[in-house]
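K.L.:
no sequence for this one, just the structure:
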């Protein structure tokens, strides 16, 4: 099998639209790995940014895209004891870590500075078979489809930003900036915690804001000031910045109440061109939120398998691997929240 070739969606240069379908070798697994047959892979906003060439992170070119994936175990290394051939599994994104790094030893391997992730530093899953270390595999409950299991990763990102790195109590008023997949999932999880939530976007985001409404969130265009101050005039208890623009932090500082918090999960490569004095004056806690780890994944799988976190509203369609361009274009247009490559 290792000598065979397989189709893969590959980014090969930093220039815009340097992505194409290529044939690559099926990987050879090591003693601690499984060979995972991909049944479904989600299209992430980061995949779109690498496609359009406006990303702000290092990519190991050429690289197979895709880091949100689930499928079957087809081969296993000699040291793999927890999984069998045929098992339904979903994989985390931390393809390479240093187990002796102080962060890894604390269970925070997502913060290991040497961590290498699928789809940018290591070949990802927009292909047929991918090599995965046993340590980042999770079993997929029978009640959960592969298309939904593949979206465990963005759900875990949102959970980390909304639960682990934020403080939400029932009745809080929470503003989410950005109606992309992560922003909408942050809104959905904040609702599970009993908060009143508003998701803020632009006029062109109307289809995605309609999805946010299906999760019980208020959908606001451009300005959330009135909604944030509706209770006592001081602002929202917390703001989750899930946009891809640095300038949105300024809006977050204006919307949050004194002694409130901001959880920033959205990347923004642009320089910050405004004063951070409101952060000091209002005694605001500004918290970054990056990636996820093992216990978060287990929580998300329970939430999605039981239906408490319903993923039907965000899945806008499924495409075959060979139709990747149509999937990318449809998601990039903003007509849908999430595209999935499957089958």
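P.N.:
Arrived safely, thanks for sending. Keep in mind it's a predicted model, so treat the numbers as computed, not measured.

K.L.:
distance from the centroid: which residue in this structure tops it?
P.N.:
residue 232 (33.6 Å; CA atoms, centre = their mean).

K.L.:
part of a strand, is that one?
P.N.:
No - membership of residue 232 in a strand is not supported by DSSP: H, G, I helix; E, B strand; the rest coil, which gives coil.

K.L.:
all strands of the stretch 151-300 of the chain, in order?
P.N.:
173-177, 196-201, 218-221, 236-241, 256-264, 285-288 (DSSP state E, counting those that start in this stretch).

K.L.:
in JSON lines, list those along with distance to residue 135.
P.N.:
C-beta here means a position set from N, CA and C on the backbone, and glycine is covered the same way. Below are the strands of the stretch 151-300 of the chain laid out as JSON lines (distance: least, CB to CB, whole Å):
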{"stretch": "strand 173-177", "distance to residue 135": "32"}
{"stretch": "strand 196-201", "distance to residue 135": "34"}
{"stretch": "strand 218-221", "distance to residue 135": "40"}
{"stretch": "strand 236-241", "distance to residue 135": "29"}
{"stretch": "strand 256-264", "distance to residue 135": "27"}
{"stretch": "strand 285-288", "distance to residue 135": "25"}
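
K.L.:
how far away is the residue farthest from the centre of the chain from residue 166?
P.N.:
20 Å (CB to CB, to the nearest Å).

K.L.:
what does residue 230 give?
P.N.:
20 Å.

K.L.:
more neighbours: which of these two?
P.N.:
Each of residue 230 and residue 166 has its neighbours counted (other CB atoms under 10 Å); residue 166 has more, 26 against 13.

K.L.:
pLDDT score for the more buried one?
P.N.:
We have a pLDDT of 98 for residue 166.

K.L.:
for it, which non-adjacent residue is spatially closest?
P.N.:
Among residues not flanking residue 166 along the chain, residue 263 sits closest, at 4.4 Å (CB to CB, 6 or more residues apart in numbering).

K.L.:
quick one: closest of the strands of the stretch 151-300 of the chain to residue 338.
P.N.:
Nearest to residue 338 among these is strand 196-201; the distance by CB to CB comes to 15.1 Å.

K.L.:
helices and strands around the closest one, which ones?
P.N.:
Packing partners of strand 196-201 (3 or more CB pairs under 8 Å, 6 or more residues apart in numbering; DSSP states H and E): strand 173-177, helix 181-192, helix 206-214, strand 218-221.

K.L.:
how does it look with 10 Å?
P.N.:
Secondary-structure packing of strand 196-201 (3 or more CB pairs under 10 Å, 6 or more residues apart in numbering; DSSP states H and E): strand 173-177, helix 181-192, helix 206-214, strand 218-221, helix 225-228, strand 236-241, helix 248-255.

K.L.:
all helices of the stretch 1-150 of the chain, in order?
P.N.:
Here the stretch 1-150 of the chain has its helices, by DSSP state H, counting those that start in this stretch, at 45-52, 102-105, 146-149.

K.L.:
please produce CSV containing the ones you listed, extended by mean pLDDT and distance to residue 8.
P.N.:
Output for these, formatted as CSV (pLDDT from 0 to 100; distance: least, CB to CB, whole Å):
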stretch, mean pLDDT, distance to residue 8
helix 45-52, 95, 13
helix 102-105, 98, 29
helix 146-149, 98, 19
